[in-house]
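In: Everything below, folded, please.
(chains A and B)
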Amino acid sequence: MNRRIAIRNMALILGSVAVLPSCLNDKKGKPVVELKTLKIDADQENLVSNLAETILPKTSTPGANELGINLFIFKMLDDCTNKEQQENFMGGLKDFDDAVNKKYSKSFNECTVTERTAFVTALEKQTKDEQAAMAKNAVDKKDKPKDAPKLNSFYQMVKGQTIFGYTTSQYFMTKQIVYELVPGRYNAMFPVKKTAAV
Amino acid sequence: MSTNTYDAIVIGSGISGGWAAKELTEKGLKTIMLERGKDIEHIKGYVNANKGPWEFPHRGGRTQKMIEDYPVLKRDYPLNETNLDYWTNEKESPYTEIKRFDWFRGYHMGGRSLMWGRQSYRWHDTDFEANAKDGIGTDWPIRYKDLAKWYSHAEQFAGISGNRDGVPILPDGDFMPAMDMNVVEKDVQKRFKEHYNEARHFIIGRTANITVPHNNRTNCQYRNKCWLGCPFGAYFSTQSATLPAAMATGNLTVRPFSIVTKIIYDKDTKKAKGVEILDAETNKTYEYFAKIVFVNASALNSAWVLMNSATDVWEGGLGSSSGELGHNVMDHHLGVGAGGRIEGFEDKYTFGRRANGIYIPRYRNLNGEKRDYIRGFGYQGGGSRSGWSRDIAELAIGGEFKDTLSEPGTWTFGMGGFGETLPYHENKITLDKTKKDKWGLPILAFDVECKENEHKMRIDMMNDAKEMLEAAGVKDVNAYTTDPVLGRGIHEMGTARMGRDPKSSVLNEWNQVWDAKNVFVTDGAAMASSACQNPSLTYMALTARAADYAVTELKKGNI
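Out: This is a model prediction of the structure:
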């Protein structure tokens, strides 16, 4: 999808132009999103966008990028994380990219959708195993849990913001679930249908 | 008669200030209500109240800029994107922490009545008698019978929804129909009753959200956006309730941007003549005069006003002759409780967002029980069904995962304790004259902490929570506790306490300053003990009672 269109969509989704990154620069090698504190190039920006789309792909319903979730991730990272978190993010992004290169001899952006999905699924499993091991260590008090590798914290940050951005998007809240600004009543025993109310 | 002369002055426009203005004006007194901050107009001023969650750039979260600008507010939940304007600018109004104290303030029309938690509980004679029985602090000069009719008066006007549960320690009131418990809460309640019978109770919260239309206010619409200000006026606030009533009398004048710097004290008559204010916008000083002054600036700022008044007579300010002004700072200690998972009820959900939870009233140290601490605590909590924030191992990414995000998750139940804090003379606020706020006024310094009684109580608060939830069938119960920092309860009390003796209290049984009988303090400052119930309803009742007395005495020519 054309990046400018993505940005325009985001304006619709967020219901406000004021929240948009103020400047767009689509020259080769420069990122589309202008950020205040986070420094990323176009490849890195695409990697995060592709990763978000891998986590929540377009199916019969819109995926992360169509909903502008990729841009939301950058806005949250830029405004809401501190220097150390951003350094971890950037370090993790590099580790992620290196790991993909090691496995496929090409970048994540150059991978096919199948390859991306396979890589991230493996990463999910690895993350879970590591978390389980850490939890076990903590219970056994064998030693202090090690800091999660930067790659994992990078991935969890992207995944967390992707899901947060998706589940708080206007599309999700009005089309996927029933969000009413003024419910008008409290039904404490509401039978569950496929779509849930909030 | 100068245009700056009224019958009564009310300092502050929060819960108790609004009540003072309503009661005094309805009794015919020409009254001016002075608010230090800006005006926030009912409905029109609630700029974020009708926004969808997606309309906030960070979806309600906090930015690094906000974290830098609000070094105190960031310590807990209040720092957020949706109602940032309602919280005091900390750079303009700093304070000194000799010990950490989380002071969450609202300097604007309506004060914290716009952001309050709305839980409304009466006190019991056990609470009013506690200090005398334990030989702690000073005895309350009143008992439940003195306040009962004023509780009714406050409930009937404010609109409190709840059940008449018949819990002995928690007197029933004049309630509107209660909100419903959800399916999980009802289940927990049933098991709770089976296990504890009448020894402990599990009830729906009593909340200042109206459930039927009342005084031109629309009943609660179950939006759960109360702290943004309610366009329906469904919860009690100054704007929704007391201010329109006071304005309707034609007797009220409201002046925003009016920082009261001192009460003007007349040595000859031993009474207040009025107040001096600093206009927060122009920095100009004005004087207002009246026969009576109600001090409702919130517990700590009411003490601040007194400390800065009549300093030529008493170095420590008006009311300091007792040696108790600014002392006995109390709050409720919290941040301790438990939560877990509920099995079953997968075919049930809730519709609408109920701005209320369940309440477990105090049960410790009653009926002859003696723990290794005195007084007690209650719990607030609730059951809810999570949305997307759950882990589905085999579907961690992809299209199917995306679809599961719109399905409801597990039912959980959680609750946290609110514990009584004792009045300790050494827990105090003082004027820090080495530092000034934006307007060149001295700031407050805090030296307040929890002590042994609170620490011991918290062990029960954590263990009991776990035990009760397990008894009620909650699975995977996880108990927690945190460092008990005071202020977090946002229930500041005690800095100008009521009592029976001017040597040990600042106020008498009618909330009159012993040293100036036409000055009444009826906010949290007046509290001689803290009990463990949310205190605002008691401030409302105390204010209405004091206003009634003040007008009667004024008419008799006694003040």
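
In: all contacts plus neighbour counts: C-alpha atoms, from now on.
Out: Will do.

In: Determine how far the helix or strand of chain B at the bottom of the mean pLDDT ranking lies from the middle of the whole chain.
Out: Within chain B, confidence by mean pLDDT, DSSP states H and E is lowest for strand B:348-351 among all helices and strands, at a mean of 85. Computed by C-alpha atoms, centre = their mean, to the nearest Å, the chain-centroid distance of strand B:348-351 equals 30 Å.

In: So that strand, near chain A or not?
Out: Yes. Applying C-alpha under 8 Å from any C-alpha of the partner chain, one finds strand B:348-351 in contact with chain A at B:348-351.

In: what helix or strand is A:Asp95 on?
Out: According to DSSP states H and E, A:Asp95 maps onto helix A:83-104.

In: oh, I was asking about B:Arg191
Out: Using DSSP H and E, B:Arg191 maps to helix B:183-196.

In: Go through that helix and flag the buried ones.
Out: Across helix B:183-196, burial judged by 16 or more other C-alpha atoms under 10 Å in any protein chain shown covers B:183-189, B:191-193.

In: before we move on, what about stretch A:149-169?
Out: Using 16+ other C-alpha under 10 Å as the test for burial, stretch A:149-169 gives A:150-155, A:157-159, A:161-169.

In: What residues does residue 96 make contact with?
Out: Assuming you mean chain A. A:Leu151 (C-alpha atoms under 8 Å, 6 or more residues apart in numbering or on different chains).

In: wait, chain B
Out: So B:Thr96 contacts B:432, B:443-446 (C-alpha under 8 Å, 6+ apart).

In: switch to 7 Å and redo it
Out: Neighbour list for B:Thr96: B:444-446 [criterion: C-alpha atoms under 7 Å, 6 or more residues apart in numbering or on different chains].

In: Output the below-cut-off pLDDT ranges for chain A.
Out: Applying pLDDT under 70 to chain A picks out residues A:1-33, A:137-148, A:192-198.

In: Likewise for chain B?
Out: Where chain B drops to pLDDT under 70, the residues are B:1-2, B:388-395.

In: Put the alpha carbons of the helix holding B:Arg191 into PDB.
Out: C-alpha atoms of helix B:183-196 as PDB (Å, rounded to 0.1, in the frame of the first residue of the first chain):
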ATOM      1  CA  VAL B 183     -23.100 -13.100  37.500                       C
ATOM      2  CA  VAL B 184     -19.700 -13.700  38.900                       C
ATOM      3  CA  GLU B 185     -20.100 -11.300  41.800                       C
ATOM      4  CA  LYS B 186     -23.400 -13.000  42.600                       C
ATOM      5  CA  ASP B 187     -21.700 -16.400  42.700                       C
ATOM      6  CA  VAL B 188     -18.900 -15.100  44.900                       C
ATOM      7  CA  GLN B 189     -21.500 -13.500  47.200                       C
ATOM      8  CA  LYS B 190     -23.400 -16.700  47.500                       C
ATOM      9  CA  ARG B 191     -20.300 -18.800  48.500                       C
ATOM     10  CA  PHE B 192     -19.200 -15.900  50.700                       C
ATOM     11  CA  LYS B 193     -22.500 -16.000  52.600                       C
ATOM     12  CA  GLU B 194     -22.300 -19.800  52.900                       C
ATOM     13  CA  HIS B 195     -18.900 -19.600  54.400                       C
ATOM     14  CA  TYR B 196     -19.100 -16.500  56.600                       C
END
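
In: Could you point out the helix or strand that follows that helix?
Out: Heading C-terminal from helix B:183-196 (DSSP H and E), you reach strand B:203-204.

In: Show me which positions of the next helix or strand after that next one end up buried.
Out: Heading C-terminal from strand B:203-204, the first helix or strand you meet, by DSSP H and E, is helix B:243-248. For helix B:243-248, the neighbour count (16+ other C-alpha under 10 Å) marks B:243-247 as buried.

In: Now do B:Gly557 against B:Ala299, distance only.
Out: For B:Gly557, the distance to B:Ala299 equals 29 Å [C-alpha to C-alpha, to the nearest Å].

In: Pick out whichever of those two has more residues nearby.
Out: The neighbour comparison of B:Gly557 against B:Ala299 (other C-alpha atoms under 10 Å in any protein chain shown) goes to B:Ala299, with 26 against 8.

In: Skipping adjacent residues, who's closest to that one in space?
Out: Distances taken as C-alpha to C-alpha, 6 or more residues apart in numbering or on different chains place B:Ala525 nearest to B:Ala299, at 4.0 Å, with adjacent residues excluded.

In: Can you tell me the SS state at that neighbour?
Out: helix (DSSP: H, G, I helix; E, B strand; the rest coil).

In: quick one: contacts for it?
Out: Applying C-alpha under 7 Å, 6+ apart, the residues contacting B:Ala525 are B:299-300, B:302, B:493-497.

In: Was I right to think B:Leu79 contacts B:Val72?
Out: No. B:Leu79 is beyond contact range of B:Val72, at 8.9 Å (criterion: C-alpha atoms under 7 Å).

In: tell me, how many neighbours does A:Glu87 end up with?
Out: Count around A:Glu87 with other C-alpha under 10 Å applied: 16.

In: Then the one 4 residues further on?
Out: Residues lying near A:Gly91 (other C-alpha under 10 Å) number 17.

In: follow-up on the earlier one: next, the buried residues of the least confident helix or strand of chain B.
Out: For strand B:348-351, by 16+ other C-alpha under 10 Å, it's B:348-351.

In: For my notes, confirm B:Gly28 occurs in a strand.
Out: No. The assignment for B:Gly28, made by three-state DSSP, is coil rather than a strand.

In: which residue packs closest to it, ignoring adjacent ones?
Out: Residue nearest to B:Gly28 in three dimensions, not counting chain neighbours: B:Asn251, with 7.0 Å by C-alpha to C-alpha, 6+ apart.
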